[in-house]
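>>> When you get a sec, could you give me coordinates for this:
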Amino acid sequence: LWEGNLFVFGGEFSSPNGGKFKLMDDMWQLVLSPAGGEARRWDKVGAKDGPSARSGHRMVIAGDKLVVYGGMGESKYFKDLHVFN
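Numbering: from 1, shown residues only. Down below sits the predicted model:
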């Protein structure tokens with residue numbers, strides 16, 4: 001949670017029978033306190049040069065930055081660090 005917004009990056013989709021599996025590499029923002037009394041909404045956030053698709057990673061807030069570390073890709077574990085302004 002940062003400045004009234006919740007950020008989500010990546011993750012995975014798995015069909016109920018396990019036949020389909022896909023890793024995601026997009027970032028979304030849930031605006032919890034919109035201006036002017038508008039309804040809460042999800043906005044897709046551009047993540048240019050962001051991390052590759054993954055799940056099992058960690059995302060934290062450090063000061064005024066979002067930091068993503070690690071996770072698992074299609075066939076490997078990541079030990080990388082990405083910082084978003």
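
>>> tell me the SS of the closest residue to residue 57 other than its chain neighbours?
The shortest distance from residue 57 to any non-neighbouring residue, by CB to CB, 6 or more residues apart in numbering, is to residue 71 (3.0 Å). For the C-beta atoms, the positions are set from N, CA and C on the backbone; glycine is no exception. Reducing the assignment to helix, strand or coil with DSSP: H, G, I helix; E, B strand; the rest coil, the entry for residue 71 is strand.

>>> Please name the residues that touch residue 71.
Taking CB atoms under 8 Å, 6 or more residues apart in numbering as the definition of contact, the neighbours of residue 71 are 10, 51, 54, 55, 56, 57, 58, 77, 78.

>>> Likewise for residue 77?
70, 71.

>>> And it, how far from residue 51?
13 Å (CB to CB, to the nearest Å).

>>> residue at max distance from the center of this protein?
residue 36 (26.5 Å; CA atoms, centre = their mean).

>>> That one belongs to a helix, doesn't it?
Yes: if the criterion is three-state DSSP, then residue 36 is within a helix.

>>> Return the distance of it relative to residue 5.
16 Å.

>>> if we can go back for a sec, in strands only, show me the contacts of residue 71.
With strands identified by DSSP state E, the entries of the contacts of residue 71 that belong to them are 10, 58, 77, 78.

>>> can you put the residues you listed in JSON lines and add distance to residue 21?
As requested, those are arranged in JSON lines below (distance: CB to CB, whole Å):
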{"residue": "10", "distance to residue 21": "14"}
{"residue": "58", "distance to residue 21": "21"}
{"residue": "77", "distance to residue 21": "17"}
{"residue": "78", "distance to residue 21": "17"}
